[in-house]
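Novice: generate coordinates for the sequence data below:
(one chain, ligands or ions: 2)
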Amino acid sequence: MTEKILGIDLGTTNSLAALVFEEGPEVLGAPGQSPIVPSVLHRHRQQWAVGQEALPHRTTQPEKTIYSIKRLMGRGFDEIAEERNHLPYSIVEAQRQLVKVQIEDQEFTPQELSAEILRKVKHQAEMVLGEQVYKSVITVPAYFDDAQRQATRDAGRIAGLEVVRIINEPTAAAIAYGLDEKRDGYVAVYDLGGGTFDVSILKLTGKVFKVIATCGNTHLGGDDFDRAVSQTLKSQIWQDRPNLDLNDAMAQQVLKQAAESIKIQLSSSPEAEYHIEIPEKSLSVQGKFTVAEFEGLIKNLVEATLESCQQALKDSGLTTQDIDEVVLVGGSTTVPLVRRRVEVFFGRPSHVAIDPYKVVAIGAAIQGHLLAGGRRDFLLLDVIPLSLGIETLGGTFSKIVTQNTTIPTEASEMFTTHVDEQTSIDINIYQGERELVKDCRCLGNFKLRGIPPMKAGLPLMELTFHIDANGILTVSALEKRSGQTAEIEVIPFHGLTNYEIDQIMEDSFEHAIDDFNDRQLIEFRNTMERVFRGIEESWEMAQTVLTTKQQEAIRAQMQVVENYAQQKDPQALKEQMDILGDLTRSLADAAISSAVFTELKNTTENTPPPTETST
Ligand code: ADP
Ligand code: MG
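Specialist: Ligands and ions are numbered 1, 2, ... in the order given. Okay, the predicted model is just below:
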């Protein structure tokens, strides 16, 4: 038997694991129990309850119950403004725009919370297998960017799982059906889950899938079906009891459960009976819900998903005739109306043989099995979903790796400076398809330092983007004339550094943040010292080019900077250095030949971004 690598579907609503056995792949649930772990966590007495046992607390203790954590993974605080409106728990902003969830006086990163879910999934799998597992393949939506993929990997690591590969959910689903072994063509994967819908068009070429288009709605899913049913139930109850309060947590909980159970019954029978009981309100009602009623309620929602399918086809330049296979994924595709409409839309039957809630985990398990050296000889490659590049002069976006490049991949490009004597360059890494970086997503930045002073345009800086098989990005820079390679580290703005993850595993997260602060403080103090030296060295010139008032202002600000350097707030120190930068600008202009002043400009103003050369 090959090494065990779990396939894990880490879902917004539900998560589960699968593994390939001698007889084939299967999801892992204890005998007589569901393999599904609801992606919900409840905090109680400094402990997490995860999965099924946390579920009821969603309504009874919403501020202590975390769900939909996947929506926050790898995202910056300002990117989740919309999500925050939908989520009842407290979400706060930490350093570097990191998002944290706050419960009472404790804060948790999305990575730590997802890790709790993964731990539960892992533990459940280990109970079934009777042995420990250490490795996994985890799936993510096709539209996840690098920061989101990295965050998912980090969650795995925190949970004690080596993530040997991250693969796209639609690709996993196609693999589960063995479509990679079929002749080249196009596959549409329709995924309707609890709270999200997405459709992906995959292109199969020589056993390799490429995602050529994705489209969807991040706020459309089975929960909306439940809400519609629940509303109807409420109206029916109010007909007899117009003044009954049905909006408190308990009533909502009861109604949601009843609605979901009705929905699930209607997937396999034309009528569902319900019995709603809230003794505290002396409420006891019985009734029937028909498929026709239910379909009337969800019709428009289903039509909306088909519009996304139309859009995805349009984006990929295809028509339904070009699609060879259709795969249904996600618990909500069990709804017969959904199946019928998708079949009519694409004009062919969909693959439904594997339970749609299992299919992604099973595909991930097959991928894991192959990576462990199991049989079925094909190579799985994926593509990067959005172009990657850097900011160049005037806030423009220069692509280095274009969208849909098959990974792993590496690409290099030459850049130069546009300011004389520039000894350091800020490199801002972006992802997106727009022309200006303000419309793209910033993934991180770093500074290439130690370039010897040269005229603008002379430095030759080679930037290399390396993307590994998991879609994780590393950027390195080299100044060719001096042969100087700068020691650089790319910190994704919305992810965690390796250092920080290690701290979480060993110790507390707060500790890592302190260390990060200290490191920044040291860097800023070093810069300050160099800047002060520069000012002293050119003070003679200052007396000729600056008014007495200006000189006094510089001296006073130097004192302020020094005071701030004694304190522990790197950002405050940086702000005061910026002010000093403004005050010394005219001195720096006069002393243009001084490399130190160029550095002052570079570190305390926004460094002018590098310019692309015509190489
Ligand atoms: P996600 O990918 O978002 O984690 P899932 O694929 O697990 O979500 O789908 C969860 C949704 O599927 C829930 O809304 C659930 O009510 C719904 N669902 C599960 N089984 C059925 C069924 N038999 N009929 C209709 N809906 C179902
Ligand atoms: Mg899913």
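Novice: would you pull up the residue in the stretch 1-150 of the chain closest to ligand 1?
Specialist: residue 11 (2.5 Å; C-beta to the nearest ligand atom). (Each C-beta comes from the backbone N, C-alpha and C, glycine too.)
Novice: can you get me a residue count around that residue?
Specialist: Counted with other C-beta atoms under 10 Å, the neighbours of residue 11 add up to 26.
Novice: for it, grab phi and psi.
Specialist: phi -90, psi 170 (degrees, to the nearest 10).
Novice: wait, what's in contact with it?
Specialist: Applying C-beta atoms under 8 Å, 6 or more residues apart in numbering to residue 11 gives the contacts 39, 70, 193, 194, 360.
Novice: flag every residue of the stretch 101-250 of the chain that's near ligand 2.
Specialist: Proximity of the stretch 101-250 of the chain to ligand 2 (C-beta under 5 Å from the ion) is limited to residues residue 193.
Novice: for whichever residue of the stretch 101-250 of the chain sits closest to ligand 2, which non-adjacent residue is spatially closest?
Specialist: Using C-beta to the ion, the single residue of the stretch 101-250 of the chain nearest to ligand 2 is residue 193, 4.2 Å away. The shortest distance from residue 193 to any residue other than its chain neighbours is 4.1 Å, reached at residue 330 (C-beta to C-beta, 6 or more residues apart in numbering).
Novice: I'd like to know how far that neighbour sits from residue 141.
Specialist: To residue 141, residue 330 is 11 Å away according to C-beta to C-beta, to the nearest Å.
Novice: just residue 315 next, same as before
Specialist: 16 Å.
Novice: for the spatially closest residue to residue 10 that is not a sequence neighbour, what are its contacts?
Specialist: Leaving aside its chain neighbours, residue 10 sits nearest to residue 138 (5.5 Å; criterion: C-beta to C-beta, 6+ apart). By C-beta under 8 Å, 6+ apart, residue 138 lies in contact with 8, 10, 118, 152, 153, 156, 163, 166, 167, 364.
Novice: neighbour-wise, which of those residues leads?
Specialist: residue 364 (34 neighbours).
Novice: from the chain's centroid, how far away is the helix or strand harbouring that one?
Specialist: Assigned by DSSP states H and E, residue 364 belongs to helix 359-371. Centroid displacement of helix 359-371 relative to its chain, using C-alpha atoms, centre = their mean, to the nearest Å, is 21 Å.
Novice: and for stretch 322-332?
Specialist: Averaging C-alpha positions (C-alpha atoms, centre = their mean) puts stretch 322-332 24 Å from its chain's average.
Novice: start the count at 110, not 1, going forward
Specialist: In the new numbering, first residue 110, that becomes stretch 431-441.
Novice: what is the burial count for residue 147?
Specialist: There are 22 residues near residue 147, going by other C-beta under 10 Å.
Novice: thinking it is in contact with residue 165, fair?
Specialist: No: assessed by C-beta atoms under 8 Å, residue 147 is found out of contact with residue 165, at 10.4 Å.
Novice: about what we covered before: neighbour count: residue 424 and residue 250, which is higher?
Specialist: Legend: neighbour count by other C-beta under 10 Å for residue 424 and residue 250, higher for residue 250 (22 against 13).
Novice: not counting its neighbours along the chain, what's nearest the more buried one?
Specialist: residue 278 (5.6 Å).
Novice: kindly state the pLDDT recorded for that neighbour?
Specialist: pLDDT, residue 278: 97.
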